[in-house]
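>>> missing the sequence, but the structure's below:
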């Protein structure tokens with residue numbers, strides 16, 4: 001059988017058209033665990049970061065927990081009671097906060113009453129964070145409002161991403177009372193003359209800010225250029 005002198009060249013060209021291995025199959029990047037455990041993992045991590053940024057003592061081992069390790073520790077079907085976080089403030093150990101996760105069912109008044117009986121003896125508790133996955137009844141909300149300390153509620157969807165880490169978000173820093181007074185004195189202004197930030201603002205909620213606190217906001221970038229502004233919470 002006769003062959004063309006270019007036969008070897010043709011075969012080499014054909015080989016070059018065979019696609020090379022692209023590495024791991026895309027299916028290997030799929031999350032084969034439960035969606036619920038992934039949501040709890042993200043929310044739990046953001047909550048820990050939020051408490052750390054508020055000045056509370058947070059375990060570095062918990063902060064660095066991977067999704068795989070989280071599932072190994074808490075399970076694919078997460079027991080929300082085990083996600084409770086109780087910690088004290090680094091600068092004031094007498095200031096303690098408790099954070100709890102509620103399940104996907106509607107939170108009813110009986111559950112809040114049960115929670116109240118569990119924490120009644122915790123006299124050093126100064127704040128409670130409740131993370132909801134479902135809804136909460138009006139009666140349950142009113143029962144929460146009767147607690148003798150500050151109550152904050154978040155939907156789990158609010159905590160899936162740490163908003164302070166967003167690349168377009170300027171840097172925020174909460175001023176101390178002394179820093180606030182120095183600022184007002186420096187510019188000879190009153191608190192009410194500062195630009196306002198509502199308590200419902202996502203950043204104000206992240207840092208747990210209350211009325212009258214002042215935040216220093218540092219902007220940087222090619223478009224905005226570097227500059228600083230201040231906001232007073234209302």
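On my side now, so go ahead. The shown structure was predicted, so the numbers you read here are calculated from the model rather than taken from an experiment. Residues are numbered from 1 along each chain as shown.

>>> Going by C-alpha atoms from here, please, whenever you check contacts or count neighbours.
OK.

>>> got the contact list for the longest helix along the chain?
Ranked by residue count and defined by DSSP state H, the top helix of the chain is helix 35-53. If you take Cα atoms under 8 Å, 6 or more residues apart in numbering as the criterion, helix 35-53 is touched by 57-58, 62-63, 67, 70-71, 75-78, 83, 156-157, 159-162, 206-207.

>>> mean confidence for that helix?
In this model, helix 35-53 carries a mean pLDDT of 97.

>>> Tell me where the model's unsure across this structure.
Scanning the chain for pLDDT under 70 picks out the ranges 1-32, 222-224.

>>> if I look at the residue most central in space within it, how far off is residue 167?
The centre of the chain sits closest to residue 46, judged by Cα atoms, centre = their mean, with a distance of 2.6 Å. Using Cα to Cα, to the nearest Å, residue 46 is found at 16 Å from residue 167.

>>> ok, now residue 53?
For residue 53, the distance to residue 167 - Cα to Cα - is 18 Å.

>>> Looking at the two, which one has more neighbours?
Between residue 53 and residue 167, counting by other Cα atoms under 10 Å, residue 53 is the more crowded of the two (15 against 8).

>>> May I have the phi/psi pair for residue 98?
phi -120, psi 130 (degrees, to the nearest 10).

>>> how about the helices in the protein?
7-16, 35-53, 60-63, 67-74, 109-119, 138-145, 177-187, 202-207.

>>> hey, which of these is tucked in deepest?
helix 35-53 (a mean of 20; mean count of other Cα atoms under 10 Å).

>>> Now do that helix: distance to the chain's middle.
Remark: helix 35-53 is offset 6 Å from the chain centroid, using Cα atoms, centre = their mean, to the nearest Å.

>>> between that helix and helix 67-74, what angle do the directions make?
Using axes from the mean of the first three to the mean of the last three Cα atoms, to 10 degrees, the direction of helix 35-53 lies 100 degrees away from that of helix 67-74.

>>> quick one: contacts for residue 195?
230-232.

>>> Residue 207 reaches residue 56, doesn't it?
No: in this structure residue 207 lies outside contact range of residue 56 using Cα atoms under 8 Å: 11.3 Å.

>>> Tell me how the protein divides into domains.
Domain assignment for the chain, taken from automatic domain parsing, gives 35-161, 164-233.

>>> contacting residues for residue 162?
Residue 162 sits in contact with residue 46, where contact means Cα under 8 Å, 6+ apart.

>>> where does residue 190 fall, phi/psi-wise?
According to degrees, to the nearest 10, residue 190 has phi -100, psi 160.
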